[in-house]
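Novice: A structural model of the following input is requested.
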Amino acid sequence: MYKIIQRNIWKECVYHQGRNATIFISVLYVTLRALYMNSR
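Specialist: Numbering: from 1, shown residues only. Below you'll find the model as predicted:
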């Protein structure tokens with residue numbers, strides 16, 4: 001029982017980490033593109 005709960009928590013952590021990474025990369029991409037557009 002405890003192992004199942006632990007595994008679900010691990011899956012949730014991985015899911016949230018992946019979502020945070022996706023948001024971070026998209027924000028970084030938009031920022032870099034804006035800087036690139038301004039420099040031209």
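Novice: For the rest of this, base every contact and every neighbour count on C-alpha atoms.
Specialist: OK.
Novice: State the pLDDT value of Arg7.
Specialist: We note a pLDDT of 82 for Arg7 in this prediction.
Novice: So it versus Gln17, what's the distance?
Specialist: 15 Å (CA to CA, to the nearest Å).
Novice: for Tyr29, same thing?
Specialist: 18 Å.
Novice: Could you tell me which ranges of this structure sit under the pLDDT cut-off?
Specialist: Counting by pLDDT under 70, the ranges of the chain that qualify are 1.
Novice: which residue is nearest the centroid of it?
Specialist: Centre of the chain computed as the mean C-alpha position; nearest residue by CA atoms, centre = their mean is Ala21, 1.8 Å away.
Novice: Specify the local secondary structure of that residue.
Specialist: Recorded secondary structure, Ala21: helix (DSSP: H, G, I helix; E, B strand; the rest coil).
Novice: Quick one: the helices in the chain, in order.
Specialist: 2-39 (DSSP state H).
Novice: circling back: now the residue nearest to the centre of the chain: how far from Gln6?
Specialist: For Ala21, the distance to Gln6 - CA to CA - is 22 Å.
Novice: How about Thr31?
Specialist: 37 Å.
Novice: how far away is Pro17 from Asn38?
Specialist: In this structure residue 17 is Gln, not Pro. 32 Å.
Novice: Please read the previous query as pertaining to Ala21.
Specialist: For Ala21, the distance to Asn38 equals 26 Å [CA to CA].
Novice: what's the answer for Thr31, then?
Specialist: For Thr31, the distance to Asn38 equals 11 Å [CA to CA].
Novice: the more surrounded of these two?
Specialist: Just comparing Thr31 and Asn38: by other CA atoms under 10 Å the higher neighbour count belongs to Thr31, 12 against 8.
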